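Participant: Have a look; sequence and predicted model below, questions after that.
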Amino acid sequence: MNARPVPAIPAGWRVFGADGRQLGRVDATFADYLLVRTASLPPVDLYVPMDVVARSGDGRVALSEPSTGAYDRWHRPLKRAPHD
């Protein structure tokens, strides 16, 4: 099994869905997901899998999936995180 390299995505970078809408900002980067804090009130933590990161750079992270439905897909932590 080949491990996908973790891109250098620091906290504070803005995260956008494939539709161009901003989901929020990176709160932390882990081996297999980004912890993204939404800008909504109240803020929500999204656990975005690394395999949907299409590209990153210049303070922005673009996802391969749209922002629509992000809460339903990613509002719960992964069942097994590598740091546990």
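Facilitator: Cool, the structure landed.
Participant: When you work out contacts or count neighbours from here on, use the C-alpha atoms and nothing else.
Facilitator: OK.
Participant: Bridged to Val15, which residues?
Facilitator: Gly24, Val61 (DSSP bridges).
Participant: what pLDDT does it get?
Facilitator: On pLDDT, Val15 comes in at 97.
Participant: Next: Val6.
Facilitator: 52.
Participant: With Gly69 instead?
Facilitator: On the pLDDT scale, Gly69 is placed at 89.
Participant: Tell me how many other residues crowd it.
Facilitator: Neighbourhood size, Gly69 [other CA atoms under 10 Å]: 9.
Participant: Same check on the one 4 residues further on?
Facilitator: Other residues within reach of Arg73, judged by other CA under 10 Å, total 12.
Participant: again with Pro42
Facilitator: Look at Pro42: counted by other CA under 10 Å, it has 6 neighbours.
Participant: likewise the one 5 residues further on?
Facilitator: Neighbours of Tyr47 under the rule other CA under 10 Å: 24.
Participant: so where does it fall, helix or strand?
Facilitator: Using DSSP states H and E, Tyr47 sits in strand 45-49.
Participant: Which strands and helices lie in contact with the next helix or strand after that strand?
Facilitator: Using DSSP H and E, the next helix or strand after strand 45-49 towards the C-terminus is strand 53-57. For strand 53-57, the packing partners by 3 or more CA pairs under 8 Å, 6 or more residues apart in numbering; DSSP states H and E come out as strand 60-63.
Participant: what about the strand it packs on, distance to the chain center?
Facilitator: 8 Å (CA atoms, centre = their mean, to the nearest Å).
Participant: for that strand, what is the average pLDDT?
Facilitator: 97.
Participant: just checking, next helix/strand downstream of it?
Facilitator: Elements were assigned by DSSP H and E; along the chain past strand 60-63, the next helix or strand is helix 70-74.
Participant: Buried residues of that next one, list them for me.
Facilitator: If you call a residue buried by 16 or more other CA atoms under 10 Å, then helix 70-74 has these buried ones: Tyr71, Trp74.
Participant: what's the weakest-modelled helix or strand in the chain?
Facilitator: When the helices and strands of the chain are scored by mean pLDDT, DSSP states H and E, helix 70-74 comes last with a mean of 90.
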